[in-house]
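> my questions are about this predicted structure, shown below with the sequence.
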Amino acid sequence: MRVAFVIYDGFQALDLTGPHEVFQHTGRYECLLVGPEAGPVRSSSGLPVHAGSGIRDVPAQSVDTLVVAGGTGIDRAREDAALVSWVAEVAKTARRVASVCSGALLLAETGALDGRRVTTHWGRERQLRTEYPRLDVDCDPIFIRDGHIWTSAGVTAGMDLALALVEDDHGRDVAHAVARELVMFLRRPGSQSQFSVPLWSGQPATDPIRVAVESVQADPGARHSIADLAGRSGLSARHLQRRFTAEIGVPPAAYVERVRIEAARRVLAEGDEPVETLARRLGFGTGETLRRAFHRHVGVAPSDYRDRFRGTKEFA
């Protein structure tokens, strides 16, 4: 399968290298770097990358999957008529078309996203809505699939997107093996939750357990008692307990707690929500319950964890 990555001066390096590594680690894809011309292309951070092919070198019909990287140079790239024309031609014939981050703007310029539900980096949401009113823009999910069109949010979400594409082609076992090799989470559910499925958990092998796991991932703070999960999965409570532990590697209650801890870590790193409020929203009930569970899993208090991230940001 040939995957063509579109890059241009000012592209975001991680929008390319993250998904590229995911595909390459499977050993099942031919990855091409395509620029307006073959040769060196400068990323937004100044990292030079060699585009092995120019748009004139790659016939549209030869591309199975098209991936358009985002970056600060996307607005200038949209002014390149030859590049826009080539992307539009490939988008009509490729089996799949994808964008990472603000790469959605280049796809939108071709008309390939008209009438589609799409996402992009939150910082480009207003621009995408304003300049392309025919799109249904939803910047809550980390990635969205609408038919053969896949779009993702910023930077690292491109790796989640690539894992989803690999899983779509080769199944969850291959995708999980890649995630383990790259020490990634497999995989953040694109349409519902921004919180990741960590490597400490196994992957569900049967549909009832998959339903139970996905319900926890989708809303960590909802009610997830054994009875609740059993009702969703169509199993008895005892049967769910046994099968869940066998397939996932931990009992349901332990899984729920760890998913909630991952959610708490994300919120603490990014915002100022009080611990008591966060505890209620994520299903811990009280701040003290969250503090005890957080210290047990992470080794520090929630307030100390938040302070560490604030300190890192101050000196970044």
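Yes, it's here. The structure presented is a predicted model; accordingly, all values stated were derived computationally and were not measured.

> start to end distance for stretch 24-41?
With CA to CA, to the nearest Å applied, stretch 24-41 spans 21 Å between its terminal residues.

> could you pull up the mean pLDDT of that stretch?
Stretch 24-41 carries an average pLDDT of 97.

> and what of stretch 137-153?
On average, stretch 137-153 scores 89.

> may I see the buried residues of it?
Neighbour counts over stretch 137-153 (16 or more other CB atoms under 10 Å) mark 137, 139, 141-145, 149-153 as buried. For the C-beta atoms, the positions are set from N, CA and C on the backbone; glycine is no exception.

> would you turn those into JSON lines with distance to Leu268?
As requested, the buried residues of stretch 137-153 are exported to JSON lines (distance: CB to CB, whole Å):
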{"residue": "Val137", "distance to Leu268": "28"}
{"residue": "Cys139", "distance to Leu268": "22"}
{"residue": "Pro141", "distance to Leu268": "22"}
{"residue": "Ile142", "distance to Leu268": "19"}
{"residue": "Phe143", "distance to Leu268": "24"}
{"residue": "Ile144", "distance to Leu268": "27"}
{"residue": "Arg145", "distance to Leu268": "30"}
{"residue": "Ile149", "distance to Leu268": "34"}
{"residue": "Trp150", "distance to Leu268": "30"}
{"residue": "Thr151", "distance to Leu268": "28"}
{"residue": "Ser152", "distance to Leu268": "24"}
{"residue": "Ala153", "distance to Leu268": "20"}
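
> could you find the closest non-adjacent residue to Asp173?
Nearest residue to Asp173 in three dimensions, chain neighbours excluded: Gln203, at 7.6 Å (CB to CB, 6 or more residues apart in numbering).

> among the buried residues of stretch 137-153, name the ones in helices.
Judged by DSSP state H, the buried residues of stretch 137-153 include no members of helices.

> now do the same for the residue nearest to Asp173: its pLDDT.
Looking at Gln203, the pLDDT reads 79.

> give me the phi and psi for it.
With angles defined as degrees, to the nearest 10, Gln203 sits at phi -110, psi 140.

> contact partners for it?
172-173, 176, 186, 247-248 (CB atoms under 8 Å, 6 or more residues apart in numbering).

> now do it against Arg210, distance only.
Distance of Gln203 to Arg210, computed by CB to CB, to the nearest Å: 9 Å.

> please apply the same query to Arg95.
Distance, Arg95 to Arg210, using CB to CB: 26 Å.

> tell me which of those two has more neighbours.
With neighbours defined as other CB atoms under 10 Å, Arg95 and Arg210 compare such that Arg210 has more, 15 against 12.

> before we move on, which element is the more buried one in?
Per DSSP states H and E: Arg210 is located in helix 207-218.

> so how far is whichever helix or strand comes after that helix from its chain's centroid?
Next helix or strand after helix 207-218 toward the C-terminus (DSSP H and E): helix 226-233. A distance of 27 Å separates the centroid of the chain from that of helix 226-233, by CA atoms, centre = their mean, to the nearest Å.

> cool, and stretch 222-235?
Computed by CA atoms, centre = their mean, the chain-centroid distance of stretch 222-235 equals 27 Å.

> for it, C-alpha coordinates in PDB please.
The C-alpha atoms that make up stretch 222-235 are tabulated as PDB, following Å, rounded to 0.1, in the frame of the first residue of the first chain:
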ATOM      1  CA  ALA A 222     -20.200   8.000  34.200                       C
ATOM      2  CA  ARG A 223     -21.500   5.100  36.300                       C
ATOM      3  CA  HIS A 224     -19.400   2.000  35.600                       C
ATOM      4  CA  SER A 225     -20.400  -0.500  38.300                       C
ATOM      5  CA  ILE A 226     -20.300  -4.200  37.500                       C
ATOM      6  CA  ALA A 227     -24.100  -4.100  37.100                       C
ATOM      7  CA  ASP A 228     -23.900  -1.100  34.700                       C
ATOM      8  CA  LEU A 229     -21.100  -2.700  32.500                       C
ATOM      9  CA  ALA A 230     -22.900  -6.000  32.500                       C
ATOM     10  CA  GLY A 231     -26.100  -4.400  31.300                       C
ATOM     11  CA  ARG A 232     -24.300  -2.700  28.400                       C
ATOM     12  CA  SER A 233     -22.400  -5.800  27.400                       C
ATOM     13  CA  GLY A 234     -25.400  -8.200  27.700                       C
ATOM     14  CA  LEU A 235     -23.600 -10.500  30.100                       C
END
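
> buried residues, stretch 25-37. List them.
Within stretch 25-37, the residues scored as buried using 16+ other CB under 10 Å are 25-26, 29, 31-36.
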